[in-house]
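Q: have a look at this prediction, sequence included:
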Amino acid sequence: MPKLKTHKGLAKRVRVSPNGKIKRRKAFAGHLMSGKSGDRKRKLKRTALVSKGFTRSMLRALGKA
């Protein structure tokens, strides 16, 4: 069976931690920020973890599993 190619679009958007967790940026922080509260904008700056249900399929798309 041939090797699977890495999904380059996904690889540019996420990072895999040494423990196999996937870190991602939060959505809704690209533009139109003036209408959002400071508290909400501060929370959008932080990275988030991908849920466990998606992690396995994402790792496969990244060629890690």
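A: Everything's here; your move. Predicted model only: the values in this text are computed from it and were never measured.
Q: hey, which helix or strand in this protein has the poorest pLDDT?
A: helix 52-61 (a mean of 94; mean pLDDT, DSSP states H and E).
Q: can you tell me the closest non-neighbouring residue to residue 10?
A: Excluding its sequence neighbours, the residue lying closest to residue 10 (CB to CB, 6 or more residues apart in numbering) is residue 61, at 5.3 Å. To be clear about C-beta, it is placed using only N, CA and C from the backbone, and glycine gets the same treatment.
Q: in stretch 55-65, which residues are buried?
A: 55, 58, 59, 61, 62 (16 or more other CB atoms under 10 Å).
Q: hmm, back to that, what's the residue nearest to residue 10 in contact with, if anything?
A: 6, 7, 10 (CB atoms under 8 Å, 6 or more residues apart in numbering).
Q: for residue 54, give its distance to residue 12.
A: 17 Å (CB to CB, to the nearest Å).
Q: again with residue 58
A: Distance from residue 58 to residue 12, by CB to CB: 13 Å.
Q: residue closest to the middle of the protein?
A: Nearest to the mean C-alpha position of the chain, by CA atoms, centre = their mean, lies residue 24 at 2.5 Å.
Q: now it, nearest residue through space, not along the chain?
A: Here the residue nearest residue 24, using CB to CB, 6+ apart, is residue 14, at 5.0 Å.
Q: tell me the predicted confidence for that neighbour.
A: Note on residue 14: pLDDT of 97.
Q: count of neighbours near it?
A: 17 (other CB atoms under 10 Å).
Q: quick one: contacts for it?
A: Contacts of residue 14 (CB under 8 Å, 6+ apart): 22, 23, 24, 50, 58, 62.
Q: just checking: what are the partner strands of the helix or strand hosting the third one?
A: The one in question is residue 24. Using DSSP states H and E, residue 24 falls within strand 22-25. Here strand 22-25 is paired, per DSSP bridges, with strand 14-16 (antiparallel), strand 47-49 (antiparallel).
Q: quick one: distance of that strand to the chain centre.
A: Remark: strand 22-25 is offset 3 Å from the chain centroid, using CA atoms, centre = their mean, to the nearest Å.
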